[in-house]
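Engineer: A structural model of the following input is requested.
(chains A and B)
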There are 2 protein chains.
Amino acid sequence: MTRYVCRLAYDGTAYSGYQIQENGRTVQEQLQRALRKIHKGREVETKGSGRTDAGVHARGQVVQFDSELKIPLERWPAALTAVLPPDIAAHEVAIVPDDFHVRYDTTGKEYRYRLLSGRQRDVFRRNYTHQPFPLIRDVEAMREAARHFLGTHDFTSFCSQKSPVTDKVRTITALEIHEEGDELLLVFRGTGFLYQMVRIITGTLVEVGQGKRTADSVPDVIAARDREKAGATVPGCGLYLWDVFYEQDIFGSGSDESGEDRG
Amino acid sequence: MTRYVCRLAYDGTAYSGYQIQENGRTVQEQLQRALRKIHKGREVETKGSGRTDAGVHARGQVVQFDSELKIPLERWPAALTAVLPPDIAAHEVAIVPDDFHVRYDTTGKEYRYRLLSGRQRDVFRRNYTHQPFPLIRDVEAMREAARHFLGTHDFTSFCSQKSPVTDKVRTITALEIHEEGDELLLVFRGTGFLYQMVRIITGTLVEVGQGKRTADSVPDVIAARDREKAGATVPGCGLYLWDVFYEQDIFGSGSDESGEDRG
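Structural biologist: Numbering: from 1, shown residues only, chains lettered A, B, ... in the order given. From the prediction side, this is the model:
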C-alpha cells in the first residue's frame, strides 16, 4: 500500500460541506465514490486536512488515501478528475510516508474571503463572493482593525458556540486586505482556525468598514472571550480554503503544472 | 400605459434559454412571474431583444413591457430585482415611446465568448467559459482568420441548420480577440446574428488556433454556404449577450450607476 495526498479544488455551492454526513451531498462522498470507481468497487478511506462548511469553496483542500494500484504518479490527477463531478478537480497528487497524517501534520492554513464592495448585484459572482449591505466605506479602518488579530490570542469571541473545542488559543500570522477591482480580498494565514473563525473575524471587519464599530474596539472584543461581542458570521459562499501547509512541501515545486486533462 | 425597457443580466446556467417554452425553466418565465408579483397577479406581456440558448448568459439582454404602475423610474430596477431569482438582475430601466419595439428596432448587438486557454480544469469557471482540447496554440492565426469574417457576408456556413431564416446575409463590424490571463475573450459586434452564428464562428476560430485548419481557409468556408464546412458549435456556457444597440441610447448615459440595492 502507498499513502497518497491529493490537492482538491471544489466549488462548494452544491455541497453541504466537505465531510460526509447522513443528510446532504458532500465533497468527501463524491471523492470516495470516485476512488471506488478507480478501485473496481472497493471502498477506499479518505481523510481531509479539515472540514469546510456548506457553500464554502476550496482551491487547496488536501486529502489522503492509501492505494495498492500501480498508476504512475503523474496520471493520478487526470484519473481522479475524470471520475469526479465537474465541480471537483484533483489538481496534484503526491506520495507521502506511511505515517503521514493530513490533518495532524498541518503546520498552517491559508483561507481567503472575497467581499463584493459594489452596490449592484452581480449574478455571476453570487455564489463566489459576499456582498455586504450597507456598503463598506472605510477599508483603511478595516486594515487597522485587522492588525489587532495578528499574533497569538484566545479566539473564543470569534468561534462558533457550537464548537466542541476547548483550547481556543490560535496564532494568526497574516491578515491582509487587498482591493481588487470592485472586490476586497481578505487573506488569512495561521497555525489553525477555529470553527467559523474566519467568517466571524470577516464579519467583524465588515462592520468596521461599514462604520458600525471602530478599529480600536477590536482588542476589547478579543479580551471579552464572548461570541456575542463579535460581528455577524458572514456567509460561506465568500470563503475559500486556499492552501494547507506542512513541514515539507508535500507536492514539491512546480507541481502546479501537473497537467491533468479534463475528465 | 407606459412602455418600459429593462436591461437584464442573467447567469444562464440553470435555464433552458431566454424564451418561454413548454418544457424547461426559462428566464422570460421568471421575468413574467416577477412582473406578475409587482402587478398584483395580473399577467404582463414581455418581449426580448432576441433569444438566448440554454446555458447562455447575458450582461445586457434588453426586454420591454407596458405598465400602468406609478413606480418612480429609479425604483424600478430594485423593485424587479427584489422579486427575481438570485441569478437574474434588472440593472437599468428606462421609458421608451409607445411604438418602440425591443426586437425590430435593434441596430446591432455585441456578443462575447470566453475561452479558457489553460490545460487545468477550473471548477469555478466551468459554467462561464469553454475550455477547448487540444489546447489553443496559435492566437495570431485566430486573429488572422477573424479578419475574414468582417464585413457583409452570406453566413449560411455559420448558421444552425435548424434555423428557419432564409436571408442569411449579415454584417460583422468587429471581431476582436483579447488575451486576458489564461482566457481568450472574443468580442463580436454586428448588425444581427443568425442562430448559433457566434458559437459556430468561435468553433471555427478554435480549430484554427488548434492548428486543425488554416486562417487562409476561411474565405472558402464562407463561400461554400455549407454548414458542414465550418467548425463545431462550441458550448453555450462560454457565450454572453453583452449589449444590444438602438438608434438612441435608450438607457441614457451614466445610467449604469442606477444603483439598485440587492433584492
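Engineer: could you use CA atoms for every contact and neighbour count after this?
Structural biologist: Fine.
Engineer: which stretches of the stretch 51-200 of chain A form strands?
Structural biologist: For the stretch 51-200 of chain A, the strands defined by DSSP state E, counting those that start in this stretch occupy A:57-67, A:88-96, A:106-116, A:151-154, A:169-180, A:183-190.
Engineer: which one is A:Gln161 nearest to, not counting chain neighbours?
Structural biologist: Among residues not flanking A:Gln161 along the chain, A:Arg227 sits closest, at 7.1 Å (CA to CA, 6 or more residues apart in numbering or on different chains).
Engineer: re the thing from before, reformat the strands of the stretch 51-200 of chain A as JSON lines; add distance to B:Ser117 and mean pLDDT.
Structural biologist: Putting the strands of the stretch 51-200 of chain A into JSON lines (distance: least, CA to CA, whole Å; pLDDT from 0 to 100) gives the following:
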{"stretch": "strand A:57-67", "distance to B:Ser117": "19", "mean pLDDT": "98"}
{"stretch": "strand A:88-96", "distance to B:Ser117": "17", "mean pLDDT": "97"}
{"stretch": "strand A:106-116", "distance to B:Ser117": "24", "mean pLDDT": "98"}
{"stretch": "strand A:151-154", "distance to B:Ser117": "41", "mean pLDDT": "98"}
{"stretch": "strand A:169-180", "distance to B:Ser117": "23", "mean pLDDT": "98"}
{"stretch": "strand A:183-190", "distance to B:Ser117": "24", "mean pLDDT": "98"}
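Engineer: contacts only, for the residue nearest to A:Gln161.
Structural biologist: Contact analysis of A:Arg227 by CA atoms under 8 Å, 6 or more residues apart in numbering or on different chains lists A:156-161.
Engineer: save the strands of the stretch 51-200 of chain A as a markdown table, and put in distance to chain B and mean neighbour count too.
Structural biologist: Below are these laid out as a markdown table (distance: least, CA to the nearest CA, whole Å; neighbours: other CA atoms under 10 Å in any protein chain shown):
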| stretch | distance to chain B | mean neighbour count |
| --- | --- | --- |
| strand A:57-67 | 9 | 22 |
| strand A:88-96 | 6 | 23 |
| strand A:106-116 | 12 | 22 |
| strand A:151-154 | 32 | 14 |
| strand A:169-180 | 15 | 16 |
| strand A:183-190 | 16 | 20 |
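Engineer: which one of those lies closest to A:Val218?
Structural biologist: Ranking the strands of the stretch 51-200 of chain A by their distance to A:Val218 (criterion: CA to CA) puts strand A:151-154 first, at 12.1 Å.
Engineer: in its sheet, what does that closest one sit against?
Structural biologist: strand A:169-180 (antiparallel) (DSSP bridges).
Engineer: how far off centre is the strand it pairs with?
Structural biologist: Strand A:169-180 sits 14 Å away from the centroid of its parent chain (CA atoms, centre = their mean, to the nearest Å).
Engineer: outside of it itself, list whatever touches it.
Structural biologist: Against strand A:169-180 from outside (CA under 8 Å, 6+ apart): A:142-143, A:146-147, A:149-156, A:184-194.
Engineer: ok, 10 Å please
Structural biologist: For strand A:169-180, contacts defined as CA atoms under 10 Å, 6 or more residues apart in numbering or on different chains pick out A:108-117, A:139-140, A:142-143, A:146-156, A:184-194.
Engineer: residue contacts, the closest residue to chain B within the stretch 101-250 of chain A?
Structural biologist: Going by CA to the nearest CA, chain B is nearest to A:Val123 of the stretch 101-250 of chain A, at 4.9 Å. For A:Val123, the contacting residues are B:9-12, B:57-59, B:85-89, by CA under 10 Å, 6+ apart.
Engineer: can you list the low-confidence ranges for the stretch 151-263 of chain A?
Structural biologist: Applying pLDDT under 70 to the stretch 151-263 of chain A flags the ranges A:253-263.
Engineer: where along chain A do the helices fall?
Structural biologist: In chain A, the helices defined using DSSP state H lie at A:27-38, A:76-83, A:139-147, A:197-209, A:218-224.
Engineer: got the CA coordinates for the shortest one in CSV?
Structural biologist: Provided in CSV are the C-alpha atoms of helix A:218-224 (Å, rounded to 0.1, in the frame of the first residue of the first chain):
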residue,chain,number,x,y,z
VAL,A,218,-11.2,45.1,18.5
PRO,A,219,-8.8,44.4,21.4
ASP,A,220,-11.8,44.6,23.8
VAL,A,221,-13.8,42.2,21.7
ILE,A,222,-10.9,39.7,21.7
ALA,A,223,-10.3,40.1,25.5
ALA,A,224,-14.1,39.6,26.3
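Engineer: flag every buried residue along that helix.
Structural biologist: Using 16 or more other CA atoms under 10 Å in any protein chain shown as the test for burial, helix A:218-224 gives A:218, A:221-222, A:224.
Engineer: residues near A:Asp243, how many?
Structural biologist: 17 (other CA atoms under 10 Å in any protein chain shown).
Engineer: my bad, A:Thr52
Structural biologist: With other CA under 10 Å as criterion, A:Thr52 counts 25.
Engineer: so what's it up against?
Structural biologist: Going by CA under 10 Å, 6+ apart, A:Thr52 touches A:12, A:15-19, A:26-27, A:58, A:61, A:195-196, A:236, A:239-241.
Engineer: in ChimeraX, how would I select just the buried ones from the residues you listed?
Structural biologist: This is the ChimeraX syntax for the buried subset of those, where burial follows 16+ other CA under 10 Å:
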select /A:12,15,16,17,18,19,26,27,58,61,195,196,236,239,240,241
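Engineer: of the contacts of A:Thr52, which is the nearest to B:Arg103?
Structural biologist: Looking across the contacts of A:Thr52 and measuring by CA to CA, the closest to B:Arg103 is A:Gly12, at 38.6 Å.
Engineer: please read off the pLDDT at that closest one from the model.
Structural biologist: Listed pLDDT for A:Gly12 reads 98.
Engineer: what's the spacing between it and A:Gly236?
Structural biologist: Distance, A:Gly12 to A:Gly236, by CA to CA, to the nearest Å: 9 Å.
Engineer: hey, what's in contact with both of the two?
Structural biologist: The contact lists of A:Gly12 and A:Gly236 share A:52-57, A:127-128, where a contact means CA under 10 Å, 6+ apart.
Engineer: neighbour-wise, which one of those residues leads?
Structural biologist: Going by other CA under 10 Å, A:His57 tops the shared contacts of A:Gly12 and A:Gly236 with 31 neighbours.
Engineer: that one contacts A:Trp242, doesn't it?
Structural biologist: Yes - because the distance of 8.6 Å satisfies CA atoms under 10 Å, A:His57 is recorded as touching A:Trp242.
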